[in-house]
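Q: okay, predicted coordinates and the sequence, questions at the end:
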Amino acid sequence: MTGHSPSAESDRSGAGIAPLPTQGAGTAPLPLTGRQAACPAIDGLGLFAVILWLGLITGFVEGIGILALQRLNWLPWRCASLGHSVKAVWISTIVDLCLFGGLGAAAAVATKLPGRRFLYKASVGTAATLMFLDWLAIPLFGRIALYGLFILAAGLAVTAVYEGRKHQAAILGFCRRFVLAPPAAAVLLAAVIQGGLWLWEPAATARLPAALPGMPNVLLLVVDTVRADHLSCYGYHRPTSPNLDALAREGVLFENAIAPSSWTQPSHASLLTGQYTHEHHAEFDPLDKRYPTIGEALSRQGYRAGAFSGNLNYFTQAQGFGRGFLHFEDYYFNVLDMVLRTAPGRVIDVYVFDRFPKVRRFWRKRAPEVNAEFFRWVDADRERPFFAFLNYFDVHSPYLLPGALRGRFGTGSHSELDAGRLVGDERDADHLLKDEPGTPERSIDAYDDCTLYADEHLRRLLWGLRERGLADNTLVIVTSDHGEQFMAHGLQGHGNSLYRQLIHVPLVVCWPGHVPAGVRVAQPVSIKALAATVLDLIGVQDETAFDDPSLARLWQDPAAAEHWPHPVAELAINPLFSKKNPVAHGAMKCLVTPDWHLIVNQELPPELYDWKRDPQELHNRAGQKAMAPEIERLEAELEKLVPGWL
């Protein structure tokens, strides 16, 4: 039998290994030493608090970064639709706080589960990866592939977590002690920013000069993407515009109004400044301060100016259109829009919702919301005359309407999915002819449905003015920024050429008792003259603002048409389009006269159309020798209007 040898015990002691102390009943817990002290036990509240603080920091830095990069014009095109007003700071903060709060709650629950050895590293590392991915996406999303951003973010997160382990106890203690600070800070930030905006507008309005007694209100409505020849008041065979027809009978309709470009941003810039694209240069860059806007001109007369946009891509404050407006409503019209205009929301939008155009109807800003925003603003101050600029986006592709409103034209077979898939990408529509026979017809049906929908909300807009007793003293102008193509010339969408379908837009001017009723003007005119026309009609003399002659001269003096300047439309080269689109080859200009439509491209042969006899522009007359002198004359006129072009 072998016994326990005292010498063996002494041998162990001699080796320098002290026997472990035992903890008996009633004794105090043993203190942590060494690595145990450096890595304290992690409780759920502490882990939740750490991740919540990371969410606060992530969102605040994101909002500041968005504003800074937007001001420097460094945002990538993938992030062009991020919110760019100061509201982005508090919205990004709250959205990221909620996102990280969910992650933190899941990590806190996981502390109750077995196998928690790497929980701190995994959960905080995940949160740190999301934080760095968020920050990197703002300047780099679209410039670097998402997986590349993720790898870079993960590398930074590993480094941060490793360094943070040295101070883990202090970090956990601080965050646990102030676990309520992140939500409190986010709420305070929102209150300060939003409250400041609410207080600023009345104060800025009070500083406006007094308006002259009896000055009328001015309402300019742009129904985005409406081509004139798809309206019944312009001879279309479908009753797509009964309410615009009625307004035209009470005012003046211009039969040949020409947009300054065939897509939104440059046309809106021309509407506000009265300048052509080659003058204001706001085709791909935001509108700068080179030229005054109609909003600024009317503000000097005591008007309060407000803009209400359904086009959240281009007619926004971020694109420079806020100048002259004390009130501008574009982004953040509902919670989903707020979420999608943050960095994580943008990634979700691109990689999830872009693949399902049908679901976009849930956050598209529709005419009813634009009207509601406008009337809330009007009702808030009835002491001053107003200038309101409204943009309806309902007719723009994809042509998505609520289910009960679809199918009023055509067979009714087109669906929201058809509309989204078939006309969602105007840059390359080859599949329209190859894979989907009859698609242009279904797209036209959907487009006409949307046109009638917008017209119905025009009726409600006008009725709202009548209910408030404002109709008789409000100058109402309805127009569009460009048209749309449905495989004419083999092209789909807009912004890709300068054919008549894209630049011939509606224009109706109505002001009871001041504008004659039922007049139609045939002379081709540019809608960029509307700024000068508004000032003329309300009796404001501001010769420094706009150079155009007032369109009112054409109904006041028919002889004025004889020397009227012929309208021009322009497009810069855009290589993003496929080569079947003329704009992919070179910059374009066109000139519209009472007889001819000349289109010139820096790289392609000129085109000449007799638009009166050939309104669909099916027959290019430029190849006929007899037309050579006419083309030369028109090109010389275009060179005078756009110097240095030819």
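A: Perfect, I can see it now.

Q: which residues does Leu75 contact?
A: Counting by Cβ atoms under 8 Å, 6 or more residues apart in numbering, Leu75 makes contact with Ile66, Leu69, Leu82, Ile138, Pro139. For every residue, glycine as well, the C-beta is placed using N, CA and C.

Q: and if you look at Leu52?
A: Leu97, Phe100, Gly101, Gly104, Cys175, Val179, Pro182, Pro183.

Q: surely the fifth one is in a strand?
A: The reference is to Cys175. No: counting by DSSP: H, G, I helix; E, B strand; the rest coil, Cys175 is not found in a strand; it is helix.

Q: before we move on, back to that, in helices only, show me the contacts of Leu52.
A: If you go by DSSP state H, the contacts of Leu52 have Leu97, Phe100, Gly101, Gly104, Cys175, Pro182, Pro183 in helices.

Q: isn't the third one right up against Gly55?
A: Same thing as Gly101. Yes: using Cβ atoms under 8 Å, Gly101 is in contact with Gly55, at 6.2 Å.

Q: okay, the two: which has more neighbours?
A: Gly55 (28 against 17; other Cβ atoms under 10 Å).

Q: could you count how many residues lie near the closest residue to that one other than its chain neighbours?
A: Distances taken as Cβ to Cβ, 6 or more residues apart in numbering place Phe100 nearest to Gly55, at 2.6 Å, with adjacent residues excluded. Per other Cβ under 10 Å, the neighbour tally for Phe100 reads 27.

Q: same question, Gln624
A: 12.

Q: same question for Gly104.
A: 27.

Q: one more: the one 10 residues further on?
A: The tally of other residues near Pro114 (other Cβ under 10 Å) stands at 5.

Q: on the three-state scheme, it is what?
A: Applying three-state DSSP: Pro114 is coil.

Q: and the pLDDT for it?
A: As predicted, Pro114 sits at a pLDDT of 74.

Q: distance of it from Ala471?
A: From Pro114 across to Ala471, the span is 72 Å (Cβ to Cβ, to the nearest Å).

Q: and for Ala105?
A: 54 Å.

Q: ok, the contacts of Leu52 vs Leu462, which is closest?
A: Distance to Leu462 across the contacts of Leu52 (Cβ to Cβ) is lowest for Leu97, with 43.2 Å.

Q: what sits against the nearest residue to that closest one once chain neighbours are set aside?
A: Once flanking residues are discounted, Leu97 sits nearest to Gly55: 4.5 Å by Cβ to Cβ, 6+ apart. Counting by Cβ under 8 Å, 6+ apart, Gly55 touches Asp96, Leu97, Cys98, Leu99, Phe100, Gly101, Leu103, Gly104, Ala127, Pro182.

Q: quick one: low-confidence ranges for this structure?
A: Applying pLDDT under 70 to the chain flags the ranges 1-42, 115-117, 356-363, 403-404, 411-439, 543-544, 646.

Q: from the contacts of Gly55, list the buried ones, please.
A: Neighbour-count burial (16 or more other Cβ atoms under 10 Å) applied to those gives Asp96, Leu97, Leu99, Phe100, Gly101, Leu103, Gly104, Ala127, Pro182.

Q: how close does the first one get to Asn496?
A: Noted for Asp96: a distance of 38 Å to Asn496, by Cβ to Cβ.

Q: okay, domains of the chain per the record?
A: Listed domain ranges for the chain are 37-193, 208-641 (source: automatic domain parsing).

Q: and for Ala170, the neighbour number?
A: 10.

Q: what's the strand or helix carrying it packed up against?
A: Here Ala170, judged by DSSP states H and E, is contained in helix 168-177. Counting contacts by 3 or more Cβ pairs under 8 Å, 6 or more residues apart in numbering; DSSP states H and E, helix 168-177 is packed against helix 35-38, helix 44-71.

Q: dump these to JSON lines, plus distance to Gly407.
A: Shown next, in JSON lines, are the helices and strands packed on helix 168-177 (distance: least, Cβ to Cβ, whole Å):
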{"stretch": "helix 35-38", "distance to Gly407": "69"}
{"stretch": "helix 44-71", "distance to Gly407": "41"}
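
Q: most tightly surrounded among these?
A: Stretch with highest mean neighbour count among the helices and strands packed on helix 168-177: helix 44-71 (a mean of 22; mean count of other Cβ atoms under 10 Å).

Q: quick one: that helix to chain centroid distance?
A: Taking Cα atoms, centre = their mean, to the nearest Å, one finds helix 44-71 lying 24 Å from the centre of the chain it belongs to.

Q: likewise stretch 394-401?
A: The answer for stretch 394-401 is 15 Å, by Cα atoms, centre = their mean.

Q: stretch 440-453 now?
A: Taking mean C-alpha positions (Cα atoms, centre = their mean), stretch 440-453 and its chain are 23 Å apart.

Q: next one: stretch 381-395
A: Per Cα atoms, centre = their mean, the centroid offset for stretch 381-395 relative to its chain is 18 Å.

Q: one more: stretch 487-505?
A: Centre to centre, stretch against its chain (Cα atoms, centre = their mean), the figure for stretch 487-505 is 22 Å.

Q: pull out the buried residues from it.
A: Neighbour counts over stretch 487-505 (16+ other Cβ under 10 Å) mark 488-489, 491-505 as buried.

Q: same check on stretch 531-549?
A: Within stretch 531-549, the residues that count as buried by 16+ other Cβ under 10 Å are 531-538, 540, 542, 545-546, 548-549.

Q: ok, so of these, who is nearest Val592?
A: Asp548 (15.4 Å).

Q: in contact with the closest one, which residues?
A: Applying Cβ under 8 Å, 6+ apart to Asp548 gives the contacts Gly274, Ser526, Lys528, Ala529, Ala531, Ala532, Thr533, Pro565.

Q: could you do Met131 as well?
A: Met131 touches Leu54, Ile57, Thr58, Ala153, Ala157, counting by Cβ under 8 Å, 6+ apart.
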